[in-house]
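S.K.: Here is my input, please return the structure:
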Amino acid sequence: MLFSNSTMKNIFIKSLLLLFILLFPNSAFSTPDYSRGTGKPCLACHIDPAGGRRLTTEGEAYKNELQAKGLYRPLSSTMHFIRFIMGYVHAMTAVLWFGTILYVHILLKPAYASKGLPRGELTLGWLSITIMLITGTLLTIAKAPSLNMLFSTRFGILLLIKIALFLVMAATAATVTFFIGPRLKKRQELSVQHKQDMTFAEFAQFDGKDGRPAYVAYNGNIYDVTKSGLWQGGNHMRKHLPGFDLTDAIKIAPHGEEKILAMPLVGKLLACEVKRPFYERLFFFLAYMSLVLTFVVIFIISLWNWW
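M.R.: Coordinates of the predicted model:
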């Protein structure tokens, strides 16, 4: 293993903190396009050099010009407060959703989910998608007074890219949940119910966790150690785990092969790997694509706020 569990957890927590910082930048209500086009600093339009709501005379004139072009919609104090709450909920939900994706890919690995989609992660994921869809729509309506703004400004173009990436990720989640998930679950149930010969990838799924049987392999055969008192707690003597081939381990064990041979025989461990079914290969592709898209979205947010 490249990293210990504690190291991986530290990396995961620091990644969430970085994501939180990305989604909660120092807000400035300035228009970066104007600053780039004129070469003027934020101080030309804003009383605060870093940008902010209070505008100079030149800033007020530019705001009125944007409003006349349909690129700016004035908001009351109440609407500003509502937009702030929507933005806060939207950003916090994004942290939860992206955090779930990072957790599954970095700590658990997609192979864990290929045994059957975890119900908790599924519920959290769809709850996050729903909340982000609602709050994102409301924020877009509040921020973009016209379609022209979405297609003619840098902010609008980046927003459209972010929306497109979100829709792709949501479609991916739907495909995994409603098309791939039931097939993964059915295959797992069939594997549990019937004795069979297995490839190593199939055999490794029987790790004794989440109600799955605990299998071990020895000399090409697979044995069921689920009910053995020596394998309680999902391990044997805190050294050996179910789902592994113990052929070499028996050679240096304080007991002989009779302990393994006394366990119920499940089937044969196949020497060659059978080609994964299409839906499983699609699952791994979509899983890693979601991870890549997560980093792309964070990149877009960085461009949006700091470039």
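S.K.: can you pull the pLDDT of T153?
M.R.: If you check T153, the pLDDT there is 79.
S.K.: what's around it, how many residues?
M.R.: Neighbourhood size, T153 [other CB atoms under 10 Å]: 18. Using the backbone N, CA and C atoms, a C-beta is placed for each residue, glycine as well.
S.K.: Check the gap between it and R83 for me.
M.R.: Computed as CB to CB, to the nearest Å, the T153 to R83 distance reads 18 Å.
S.K.: Same check on H105?
M.R.: To R83, H105 is 32 Å away according to CB to CB.
S.K.: now I157
M.R.: The gap separating I157 from R83 is 21 Å, by CB to CB.
S.K.: again, but for I300
M.R.: From I300 to R83 the distance is 20 Å (CB to CB).
S.K.: same question, T93
M.R.: Distance from T93 to R83, counting by CB to CB: 16 Å.
S.K.: between the two, which one's more packed in?
M.R.: Just comparing T93 and R83: by other CB under 10 Å the higher neighbour count belongs to T93, 22 against 16.
S.K.: Summarise which helices and strands the helix or strand containing L133 is packed against.
M.R.: Using DSSP states H and E, L133 sits within helix 119-143. Helix 119-143 is packed against helix 77-102, helix 154-175, with contacts defined by 3 or more CB pairs under 8 Å, 6 or more residues apart in numbering; DSSP states H and E.
S.K.: Tell me how many other residues surround the residue nearest to F179 when sequence neighbours are not counted.
M.R.: Distance criterion CB to CB, 6 or more residues apart in numbering; nearest residue to F179, sequence neighbours excluded, is Y279 at 7.2 Å. Using other CB under 10 Å, the number of residues around Y279 comes to 16.
S.K.: Could I get the average pLDDT for the strand or helix carrying Y279?
M.R.: Secondary structure assignment for Y279, by DSSP H and E: helix 278-306. The pLDDT scores in helix 278-306 average 84.
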